[in-house]
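Colleague: Give the three-dimensional model of this entry:
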Amino acid sequence: MSALRSWLHLLLMGITVMPYALILLGVSLLPNGKSRAYGVAVAWLKLCIASARWMLGIRYRIHGQAHLPKGHEDPAVLLVKHQSTYETFLMPVIMPHPLAYVFKKELLTIPFFGWAIGRLDMVHIDRSQRAKAFQKVVERGRKLLAKGTWVIMFPEGTRIPRGQVGQYKSGGARLAIEVGVPVIPIAVTSAKCWPRRALLKRPGVVEVSIGAPIDTAGQTPEAITLRVQAWIEAEMQRLDPEAYPGASATSASSPHTSG
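Modeller: Have a look, this model is predicted:
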């Protein structure tokens, strides 16, 4: 039954992405089209997250939401643990600001999905040209952050299996230092329910823990990245102790929001 539900959910996403993408492409041509198109994208993501709850029994629970900046235009760079597609879909749904992902330009070639994200205020880069890629991240990131859009990055660069630690890269910290904004570390236990590259999904609760903002003034990218890694990985052990045999974990804090 789990396999059938997983297939049906995948089919639902595949079928619905086409009309939503076409609507998004059309809306993006209207006045104030970028912000309207983002709303269409979030509507599809909400459908994917809600259908995962209905069809697969995957829910989420948020801790530390009070750590998010309160001002309408307060800037931040979100650095998120990356275990599966789930958090990629979830973050725009739960965040109070529009988000701009930094992603490789190859995603733009995916039919419908890639065409749609190409019309949004995101940052697509050519990873083969690292210096130019980072310069583009800073230039675009500065403009987006100035108008209240938060930049979101996965410091490990790719989806990491449950219980493992990837190599944390300093690009997000470098951007935050260049622009003069704080970074916010976020731990996500999505692989408990939605493992990377796995068709079969499992019911359960994905814990999302938002850490306190880290001031980047006077800091080095390496120091900030080490602080982000230390906080996220300690939080991952606390939230998902089964994935880290032998690691001590305290009891989870009370959630602020659930879905």
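
Colleague: roughly how far apart are the residue nearest the centre of the chain and residue 18?
Modeller: By CA atoms, centre = their mean, the chain has its centre lying nearest to residue 88, at 4.2 Å. Taking CB to CB, to the nearest Å as the measure, residue 88 falls 19 Å from residue 18. Where C-beta positions appear, they are placed from N, C-alpha and C, glycine not excepted.

Colleague: Also residue 26?
Modeller: Remark: distance between residue 26 and residue 18 (CB to CB) = 13 Å.

Colleague: Regarding the residue nearest to the centre of the chain, which helix or strand does it belong to?
Modeller: Take DSSP states H and E as the rule and residue 88 turns out to sit in helix 85-94.

Colleague: Also residue 124?
Modeller: For residue 124, the secondary-structure element it belongs to, assigned by DSSP H and E, is strand 123-125.

Colleague: ditto for residue 133
Modeller: Counting by DSSP H and E, residue 133 is part of helix 130-146.

Colleague: repeat for residue 121
Modeller: Taking DSSP H and E as the definition, one finds residue 121 inside no helix or strand.

Colleague: My guess is it contacts residue 34. True?
Modeller: Yes - between residue 121 and residue 34 a contact is recorded at 5.1 Å, counting by CB atoms under 8 Å.

Colleague: who's more crowded, these two?
Modeller: Ranked by neighbour count (other CB atoms under 10 Å), residue 121 and residue 34 place residue 121 first, with 17 against 14.

Colleague: What does the more buried one show for phi and psi?
Modeller: phi -80, psi 80 (degrees, to the nearest 10).

Colleague: With residue 63 instead?
Modeller: Torsion angles at residue 63 (phi, psi; degrees, to the nearest 10) stand at phi -120, psi 140.

Colleague: neighbours of it, just the number please.
Modeller: Around residue 63 there are 21 other residues, counting by other CB under 10 Å.

Colleague: How about the closest residue to it other than its chain neighbours: which residues does it bridge to?
Modeller: Distances taken as CB to CB, 6 or more residues apart in numbering place residue 209 nearest to residue 63, at 4.3 Å, with adjacent residues excluded. Note on residue 209: beta-bridge partners by DSSP bridges are residue 63, residue 187.

Colleague: And for residue 209, the neighbour number?
Modeller: Neighbour count of residue 209, defined by other CB under 10 Å: 25.

Colleague: ok, now which ones touch it?
Modeller: Each residue near residue 209 by CB atoms under 8 Å, 6 or more residues apart in numbering is listed here: 62, 63, 64, 186, 187, 188, 235, 239.

Colleague: Check the contact between residue 244 and residue 163; I expect there is one.
Modeller: Yes - here residue 244 lies in contact with residue 163, judged by CB under 8 Å, at a distance of 5.7 Å.

Colleague: chain center to the helix holding residue 88, what's the gap?
Modeller: 5 Å (CA atoms, centre = their mean, to the nearest Å).

Colleague: got the contact list for residue 156?
Modeller: So residue 156 contacts 81, 82, 165, 166, 167, 168, 169 (CB under 8 Å, 6+ apart).

Colleague: Going through those, which ones are buried?
Modeller: Buried by 16 or more other CB atoms under 10 Å: 81, 82, 166, 168, 169, out of those.

Colleague: Listing request: residues of the chain with sub-threshold pLDDT.
Modeller: Residues of the chain meeting the criterion pLDDT under 70: 247-259.
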